[in-house]
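[1] Show me the folded form of this:
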Amino acid sequence: MWPLAINTQEISALIKQQIENLKPNFDVTETGIITYVGDGIARARGLDNTMSGELLEFANGAYGMAQNLESTDVGIIILGDFSSIREGDLVKRTGKIMEVPVGPELIGRVVNPLGQPVDGLGEIVTTSSRPIETPAPGVMERKSVAEPLQTGIKAIDALVPIGRGQRELIIGDRQTGKTSVAIDAIINQKGQDIICIYVAIGQKESTVRAQVETLRQYGALDYTIVVTASASQPSPLLYIAPYAGVAMAEEFMYNGQHVLIVYDDLSKQAVAYRELSLLLRRPPGREAYPGDVFYLHSRLLERSAKVSDALGGGSITALPFIETQAGDISAYIATNVISITDGQIFLQEGLFNSGIRPAIDAGSSVSRVGGSAQIKAMKKVAGTLRLDLASYRELEAFTQFGSDLDSATQAKLNRGRRTVEVLKQPLHKPLPVEKQVLILYALTHGFLDSVPVNDILAFETDLYGYFDAHHADLLETIRVTKDLPDEALLDAAIQDFKEQSRFS
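    Now for the predicted structure:
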């Protein structure tokens, strides 16, 4: 028999085709070995190509974030349970920078800083995520703050107004009503087309639950995301919680929406960061804080902005909290955050204990945006309030020594007492801006001068009811035009109310 003819070209083509279609079934990942595990941190060697902020996976399924990139090893903060992680365990790179899920699916939910639900209402399915660390918008990407964000609190909207895109620090000792101010501001955003994010850092879980129930009771949870890293959580979660919150906020801002974010509070974040830094053997500085503790807060708060129309025209308004010790606003972390923000609201323990609530110290509180964040009507009625309060405090201190007072001084004292009384406000009862303007107009135009101080709050309540029933058009004018209606009509209406009421 003749031998079969072998076509070498066909065999060569067949081999090439098989090589091209070959799909290797092996996976290459860079892994390291843990050399040290501490309280929420770990060190690993062998992760030579790790990026700063990269997500790393431990053998027990927990995740960590690369924090220190050193010549011999990598310092990792552990985001979750570290009790079962041991020296010698493997840790592998994921190739992804630390990110959190974002989007409208999170609204109405309580999540941890990793975006995982902790409210028992089931899984959250989102379609997008954002890195927790991103550059803040540049100067040319921002617009000036010119649109008010109404808190519903007379003392704030009149004296230290907040605008959309502003960063207004709330500072004071513990138990002076800081959280109440923020919760009332969130409640007041109902119907204002604003998404709210409340970041609870280092608080008791029972406290956070109470705040969530308050928001639910007033219908505010429908437009609010709660991010919680409770006191029982490891320090890394307290450290990243504010960054997770602002990443969620940026998703809305860059889609043209407006966000109010509350950081309660950043002094606990600084303490958690100090703990991590010391465990990672970073050099301690003043009060054992690391040298970059200022940058910790500046890179967070600079992400709050009113962005240009080209980027959608959205905004993030930030209300960071700082807790002081014995009212010392000149402390290290306090002065750091004061220098980053656009003003501060100082809540004083002495005022709080004397029954003035919210306990806002007008002398130490300031808004660096000022009248740009007020409607025209509020500017007109609140223009002299700060001076009136300051002169009243000065005269009050002087008259404690007892002396005969002339009629002008008596008049100033009487007006000051009534101003303090008008600026008091019950808990969780934010006021629409038109009613704030109404009572401040009555105050500054002398309609309250003859009303006994103890009756001021009753007078105010009855005045609102009277206007709702008989002069809703005047309130509507303030709300729609943002300006005062005809002052003769306003004067006549308030006078009619006084004559018909028990305060005449």
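
[2] C-terminal to the top helix by length along the chain, what's the next element?
    Using DSSP state H to define each element, the chain has its longest helix at helix 235-253. Per DSSP states H and E, the first helix or strand lying C-terminal to helix 235-253 is strand 258-264.

[3] angle of that next one against helix 235-253?
    170 degrees (axes from the mean of the first three to the mean of the last three CA atoms, to 10 degrees).

[4] Tell me the strands beside strand 258-264, with direction?
    Sheet pairing for strand 258-264, assigned by DSSP bridges, gives strand 194-201 (parallel), strand 315-323 (parallel).

[5] Please report how far the residue nearest the centre of the chain lies from residue 224.
    In the chain, the residue lying closest to the centroid (CA atoms, centre = their mean) is residue 262, at 1.8 Å. Residue 262 sits 10 Å away from residue 224, going by CB to CB, to the nearest Å. The C-beta positions use only the backbone N, C-alpha and C, and glycine is treated the same way.

[6] follow-up on the earlier one: would you mind putting the strands paired with strand 258-264 into TSV with mean neighbour count, distance to residue 289 and mean pLDDT alongside?
    Shown next, in TSV, are the strands paired with strand 258-264 (neighbours: other CB atoms under 10 Å; distance: least, CB to CB, whole Å; pLDDT from 0 to 100):
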stretch	mean neighbour count	distance to residue 289	mean pLDDT
strand 194-201	26	16	98
strand 315-323	26	14	98
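
[7] now those in TSV, with distance to residue 139?
    Shown next, in TSV, are those (distance: least, CB to CB, whole Å):
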stretch	distance to residue 139
strand 194-201	25
strand 315-323	16
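
[8] For residue 472, find the nearest of those strands.
    Of all the strands paired with strand 258-264, strand 194-201 sits nearest to residue 472, with 24.8 Å by CB to CB.

[9] quick one: contacts of the closest one?
    107, 149, 182-183, 186, 189, 207-208, 211, 215, 220, 223-230, 238, 241-242, 244-245, 248-249, 252, 257-266, 268-269, 272 (CB atoms under 8 Å, 6 or more residues apart in numbering).

[10] next structured bit after it?
    Later in the chain than strand 194-201, the nearest helix or strand by DSSP H and E is helix 205-217.

[11] Can you check what angle separates that following helix from strand 258-264?
    150 degrees.

[12] Quick one: mean pLDDT for the next helix or strand after helix 205-217?
    Per DSSP H and E, helix 205-217 leads on to strand 224-229 as the next helix or strand towards the C-terminus. Taken as a whole, strand 224-229 has an average pLDDT of 98.

[13] Check which strands are paired with strand 224-229 and give the direction for each one.
    Checking strand 224-229 against DSSP bridges gives partners strand 110-111 (parallel), strand 194-201 (parallel).

[14] looking at these, which is closest to residue 145?
    Among these, strand 194-201 sits nearest to residue 145 (CB to CB), with 14.7 Å.

[15] Return the closest one as CSV; C-alpha atoms alone will do.
    Extracted in CSV, the C-alpha atoms of strand 194-201 (Å, rounded to 0.1, in the frame of the first residue of the first chain):
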residue,chain,number,x,y,z
ILE,A,194,-33.4,67.8,49.6
ILE,A,195,-31.8,64.4,50.4
CYS,A,196,-30.5,64.2,53.9
ILE,A,197,-27.7,61.9,55.2
TYR,A,198,-27.1,61.5,58.9
VAL,A,199,-23.7,60.0,59.8
ALA,A,200,-23.6,58.8,63.4
ILE,A,201,-20.0,58.3,64.6
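
[16] tell me which residues in stretch 474-486 are buried?
    474, 475, 477, 478, 482, 484, 485 (16 or more other CB atoms under 10 Å).

[17] what's the model's confidence in stretch 234-253, averaged?
    On average, stretch 234-253 scores 96.

[18] Could you tell me how far that stretch lies from the centre of the chain?
    Its chain's C-alpha centre lies 11 Å from the corresponding centre of stretch 234-253 when counted by CA atoms, centre = their mean, to the nearest Å.

[19] Okay, residue 68 and residue 44: tell me how far apart.
    For residue 68 relative to residue 44 (CB to CB), the value is 11 Å.

[20] So these two - more neighbours on which side?
    Set side by side, residue 68 and residue 44 show more neighbours around residue 44, with 26 against 17, by other CB atoms under 10 Å.

[21] Okay, and the closest residue to that one other than its chain neighbours sits in which element?
    Among residues not flanking residue 44 along the chain, residue 32 sits closest, at 4.0 Å (CB to CB, 6 or more residues apart in numbering). In this structure, residue 32 is located in strand 31-37 according to DSSP H and E.

[22] Quick one: residues in contact with that strand.
    With contacts defined as CB under 8 Å, 6+ apart, strand 31-37 is touched by 42-47, 58, 73-74, 82, 85-93.

[23] Buried residues in the following helix or strand past it, which are they?
    Per DSSP H and E, the first helix or strand lying C-terminal to strand 31-37 is strand 41-45. For strand 41-45, the neighbour count (16+ other CB under 10 Å) marks 41, 42, 43, 44 as buried.

[24] likewise stretch 426-446?
    For stretch 426-446, a neighbour-count test (16+ other CB under 10 Å) marks 428, 430-444 as buried.

[25] How about stretch 383-395?
    Buried, per 16+ other CB under 10 Å, within stretch 383-395: 385, 386, 388, 389, 391, 392, 395.

[26] Name the nearest residue to the third one, sequence neighbours excluded.
    Counting by CB to CB, 6+ apart, the nearest residue to residue 388 once its immediate chain neighbours are dropped is residue 419, at 5.5 Å.

[27] just the CA coordinates of the helix or strand encompassing the one you found, formatted as PDB?
    Residue 419 belongs to helix 407-422 when elements are defined using DSSP H and E. Below are the C-alpha coordinates for helix 407-422, written out as PDB (Å, rounded to 0.1, in the frame of the first residue of the first chain):
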ATOM      1  CA  SER A 407     -35.900 104.800  80.300                       C
ATOM      2  CA  ALA A 408     -33.800 104.100  77.200                       C
ATOM      3  CA  THR A 409     -31.800 101.400  79.000                       C
ATOM      4  CA  GLN A 410     -35.000 100.000  80.400                       C
ATOM      5  CA  ALA A 411     -36.500  99.800  76.900                       C
ATOM      6  CA  LYS A 412     -33.300  98.000  75.600                       C
ATOM      7  CA  LEU A 413     -33.500  95.500  78.500                       C
ATOM      8  CA  ASN A 414     -37.200  94.900  77.900                       C
ATOM      9  CA  ARG A 415     -36.700  94.300  74.100                       C
ATOM     10  CA  GLY A 416     -33.700  92.000  74.800                       C
ATOM     11  CA  ARG A 417     -35.700  89.900  77.200                       C
ATOM     12  CA  ARG A 418     -38.400  89.500  74.600                       C
ATOM     13  CA  THR A 419     -35.900  88.700  71.800                       C
ATOM     14  CA  VAL A 420     -34.400  85.900  73.900                       C
ATOM     15  CA  GLU A 421     -37.900  84.600  74.500                       C
ATOM     16  CA  VAL A 422     -38.900  84.700  70.800                       C
END
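
[28] Return the distance of stretch 496-504 from the chain's centre.
    42 Å.

[29] before we move on, what about stretch 100-113?
    Taking mean C-alpha positions (CA atoms, centre = their mean), stretch 100-113 and its chain are 15 Å apart.

[30] what does that stretch rub up against?
    With CB under 8 Å, 6+ apart as the test, stretch 100-113 has contacts from 79, 114-115, 117-119, 121, 124-130, 132, 195, 208, 212, 221-229, 233, 237, 240-241, 243-244, 247-248, 250-251.

[31] wait, what's in contact with the residue nearest to residue 463 when sequence neighbours are not counted?
    Take residue 463 and drop its neighbours on the chain: the residue closest to it by CB to CB, 6+ apart is residue 497, 5.9 Å away. By CB under 8 Å, 6+ apart, the contact list for residue 497 reads 462, 463, 466, 467.

[32] can you give me phi and psi for residue 472?
    Per-residue torsions, residue 472: phi -60, psi -30 (degrees, to the nearest 10).
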